[in-house]
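Asks: Model the structure of this input:
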Amino acid sequence: MTLALFGQAGATVEVVPPDRWHATVPASGSEYIAVGTNGAVRRPGGSATWYCWNTDARYWIPRAPATAPGTLTIARVPDTRIDDLPVRAYLIVASEMRLYIGGAAASEMTVYVGVQTGLPRRIVLASSETWDVSDYGARITIRVPPCRTR
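Replies: Have a look, this model is predicted:
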């Protein structure tokens, strides 16, 4: 799947669960790749050099902590349309825990689910940060490139 990050012009994250992602952030000229606990990053400055880094590739996979205390409350909110397709909307509120997506922690988010597919289409955090989700099932290959340690 692909996440388009609003507020980050042109930024995208390709995700292959359970442990692979590739992010590009054109505004900063940065690019990140993670597979399992191995990753590589290249930053702006004219160099095409990839630098190695240790990471947790599950960072971009939406999740709630497995053993977190507290409760999740899920409520239907008015349905709408995204790109002229009908979506169901759900407000998710976490008490005494945080929900995580792409490292962003939130205690509240609205998730829009495609009526025809049953898959998430958009996630809006309480901070108004918006993530569009698309390209489910696309053939995406993600490998960590050869990289240098600093």
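Asks: Output stretch 108-120 as CSV, nothing but the C-alphas.
Replies: What follows is stretch 108-120, C-alpha atoms only, in CSV (Å, rounded to 0.1, in the frame of the first residue of the first chain):
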residue,chain,number,x,y,z
GLU,A,108,-7.7,10.0,18.6
MET,A,109,-8.1,9.4,14.9
THR,A,110,-10.8,9.1,12.3
VAL,A,111,-10.4,6.2,9.9
TYR,A,112,-12.3,6.2,6.6
VAL,A,113,-12.9,2.7,5.1
GLY,A,114,-13.9,2.1,1.5
VAL,A,115,-17.4,0.7,1.3
GLN,A,116,-16.5,-1.5,-1.7
THR,A,117,-13.2,-2.8,-0.5
GLY,A,118,-13.4,-2.8,3.3
LEU,A,119,-9.9,-1.3,3.4
PRO,A,120,-8.7,1.9,5.0
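Asks: Tell me the buried residues in it?
Replies: 109-114, 120 (16 or more other CB atoms under 10 Å). All C-beta atoms are positioned from the backbone trio N, CA, C, and that covers glycine.
Asks: Narrow those to those in helices?
Replies: Per DSSP state H, helices hold no members of the buried residues of stretch 108-120.
Asks: Could you work out the most separated pair of these?
Replies: Greatest spatial distance among those (CB to CB): Met109 and Gly114, at 16.7 Å.
Asks: hmm, back to that, which one of the buried residues of stretch 108-120 sits closest to Asp84?
Replies: Gly114 (11.9 Å).
Asks: Who's the closest spatial neighbour of that closest one, skipping the chain neighbours?
Replies: Excluding the flanking residues, the one nearest Gly114 by CB to CB, 6 or more residues apart in numbering is Arg121, at 4.8 Å.
Asks: Report all helices and strands that the host helix or strand of Ile74 contacts.
Replies: Assigning secondary structure by DSSP states H and E places Ile74 in strand 71-82. Applying 3 or more CB pairs under 8 Å, 6 or more residues apart in numbering; DSSP states H and E, we find strand 71-82 packed against strand 85-95, strand 108-114.
Asks: if you set the cut-off to 6 Å instead, what comes out?
Replies: Here strand 71-82 touches strand 85-95, going by 3 or more CB pairs under 6 Å, 6 or more residues apart in numbering; DSSP states H and E.
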